[in-house]
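Undergrad: Predicted coordinates and the sequence they were generated for:
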Amino acid sequence: MLSVRRCSRSGCTELAVATLTYVYADSTAVVGPLATQAEPHTYDLCTAHAHRLTAPRGWEVVRFEGEFAPPQHTDDDLTALAEAVREAGRADRPIEASTTVTAGPGATTGRRGHLRVLPTPPEE
């Protein structure tokens, strides 16, 4: 699904349309179309910041020459979201089988996912 991403610059609330990546080995800043997913060590930029970006002295800026366009939602994105919600809400969906672990003589504990059922302590 496509999510709404904002410009990474402080105080900017515009929609991101470009992604900035640094190639440290070549002393190059690359500004290209918005990446499909947010990645660590990259920055999302709005149109204004993508066009005004400057690099430190000695660095080169490689910039996409076309117009940056905001990402468009497609019917596929909406369909995928609707199907995911529908699947999660199904009452008849298969549930992970519980495993039983022996905790001692005559006592067992059940485990399902990250939850654990502890046996009732014996009465004294």
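TA: Perfect, thanks for sending it. Numbers count the residues shown, from 1 in each chain.

Undergrad: Which residues are in contact with the closest residue to Leu45 other than its chain neighbours?
TA: Distances taken as C-beta to C-beta, 6 or more residues apart in numbering place Ala18 nearest to Leu45, at 4.7 Å, with adjacent residues excluded. Glycine gets a C-beta too; all of them are placed from N, C-alpha and C. Counting by C-beta atoms under 8 Å, 6 or more residues apart in numbering, Ala18 touches Val31, Gly32, Pro33, Leu34, Asp44, Leu45, Cys46, Thr47, Ala50, Phe64, Phe68.

Undergrad: does the second one belong to a helix or a strand, and which?
TA: Secondary structure assignment for Gly32, by DSSP states H and E: strand 28-33.

Undergrad: So which elements touch that strand?
TA: Packing partners of strand 28-33 (3 or more C-beta pairs under 8 Å, 6 or more residues apart in numbering; DSSP states H and E): strand 18-23, strand 60-63.

Undergrad: that older thread, the residue nearest to Leu45 pairs with what?
TA: Beta-bridge partners of Ala18, counted by DSSP bridges, are Pro33, Leu45.

Undergrad: Report pLDDT for it.
TA: On pLDDT, Ala18 comes in at 92.

Undergrad: where do the helices sit along the chain?
TA: For the chain, the helices defined by DSSP state H cover 47-52, 75-89.

Undergrad: what's the least confident stretch among the ones you listed?
TA: What stands lowest among those, in mean pLDDT terms, is helix 75-89, with a mean of 68.
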